[in-house]
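**Student:** Structure, please.
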Amino acid sequence: MRELNVFGKVEFIRSNRARRITVKILSDGLRVSLPYRSSETEATRFILNNQNVILSKQARIRTKRINTLVTIEKEISTRTFTIKAKYTNRSDVFFSLKEGVLWIEVPEEANINSPQVQNACWNGINYFLKKEAKRILPNQVKALADQYGFKYSSVKIQSSKTRWGSCSKTQNINLSFYLMLLPSHLADYVILHELCHTREMNHGERFWKLMDEVTGGKTKKLRAEMKRFSMP
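**Tutor:** Next comes the predicted model:
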């Protein structure tokens, strides 16, 4: 539909589980889920009625993607190494981690800004992030749990791009390896958040009171700081 072109590619998906029309906003389009009883015309009307909000969110998503692009000019800092890219006389993207620097060697004829090269870069970065996360984060969880008297069942390192961490009802702590892109004190905040869920599974008043106790009353400040960071 021509009136939807402003959003990019719009994909309509019918779902038995959908109870209402929902729109997943992507940087280059929309993914619209709708119940079988709803029509694409209804979904289109819903999208157009919320056009300004959707376009604004798309713009923010594009900005975040730009901030996580691997470029020749910009270094990316992680908890344990710095990422640098350079053009070399190679036929493929190559990685080497030496003395705290993860070098990404990109073929001279390649366009580093292309989706294909960016995907190749982040596939390699993710390998090293996960390896370091498995080495660092379980010890960080244990240290914070011991310090504040929390008990948990296990720690799992995952590749989640939607949640920094989660805690199951059985007190298993799940952490995204992208925590390695955060400063140590913000990784502490995420881990403490999940440890607090071992006592309070919801986000009620008692949960936030507990968070303030373990963060020295800095919960709001740390939550605001977290908004400056996004997953690639």
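**Student:** got the residue ranges for the strands in this structure?
**Tutor:** Secondary structure of the chain by DSSP state E: the strands cover 9-14, 22-26, 29-34, 76-77, 82-88, 94-98, 101-107, 154-158, 165-167, 172-176.
**Student:** Direction included, what does the shortest one pair against?
**Tutor:** Spelled out, that is strand 76-77. With DSSP bridges as the criterion, the sheet partners recorded for strand 76-77 are strand 82-88 (antiparallel).
**Student:** now swap in the first one and tell me
**Tutor:** For strand 9-14, the paired strands and their directions (DSSP bridges) are strand 29-34 (parallel).
**Student:** what's the angle from the strand it pairs with to strand 22-26?
**Tutor:** Angle between the axes of strand 29-34 and strand 22-26 is 170 degrees (criterion: axes from the mean of the first three to the mean of the last three Cα atoms, to 10 degrees).
**Student:** Let me see the mean pLDDT of strand 29-34.
**Tutor:** Mean pLDDT, strand 29-34: 87.
**Student:** from memory residue 6 sits against residue 55, does it?
**Tutor:** Yes: counting by Cβ atoms under 8 Å, residue 6 touches residue 55, with 7.1 Å between them. For glycine as for every other residue, the C-beta is placed from the backbone atoms N, C-alpha and C.
**Student:** So which bits of the top helix by length along the chain are buried?
**Tutor:** For the chain, the longest helix by residue count, based on DSSP state H, is helix 115-148. Along helix 115-148, these residues count as buried under the neighbour rule (16 or more other Cβ atoms under 10 Å): 117-118, 120-122, 124-126, 128-130, 132-133, 136-138, 140-141, 144-145.
**Student:** Same check on stretch 172-179?
**Tutor:** For stretch 172-179, by 16+ other Cβ under 10 Å, it's 173, 174, 175, 176, 177, 178, 179.
**Student:** Quick check: the farthest pair among the residues you listed?
**Tutor:** Greatest spatial distance among the buried residues of stretch 172-179 (Cβ to Cβ): 173 and 178, at 15.3 Å.
**Student:** do you know how far residue 108 is from residue 101?
**Tutor:** Plainly put, residue 108 is 20 Å away from residue 101 if you go by Cβ to Cβ, to the nearest Å.
**Student:** now what about stretch 31-43, what contacts it?
**Tutor:** Applying Cβ atoms under 8 Å, 6 or more residues apart in numbering, the external contacts of stretch 31-43 come out as 1, 10-16, 18-24, 47.
**Student:** again, only using 10 Å
**Tutor:** Contacts with stretch 31-43, where a contact means Cβ atoms under 10 Å, 6 or more residues apart in numbering, come from 1, 4, 7, 9-25, 30, 44-47.
**Student:** Next, the buried residues of it.
**Tutor:** With burial defined by 16+ other Cβ under 10 Å, the residues of stretch 31-43 counted as buried are 32, 33, 34, 38, 43.
**Student:** Show me what the second one is bridged to.
**Tutor:** Put plainly, it is residue 33. Here residue 33 shows beta-bridge partners residue 13, residue 22, assigned using DSSP bridges.
**Student:** How much space separates it from residue 43?
**Tutor:** Distance, residue 33 to residue 43, using Cβ to Cβ: 9 Å.
**Student:** ok, now the first one?
**Tutor:** When distance is defined by Cβ to Cβ, residue 32 is 5 Å away from residue 43.
**Student:** which non-adjacent residue is nearest residue 120?
**Tutor:** Ranked by Cβ to Cβ, 6 or more residues apart in numbering and with sequence neighbours excluded, the top spatial neighbour of residue 120 is residue 93, at 4.3 Å.
**Student:** Do I have it right that that neighbour meets residue 114?
**Tutor:** No: the pair residue 93 and residue 114 does not pass the contact test of Cβ atoms under 10 Å, sitting 11.4 Å apart.
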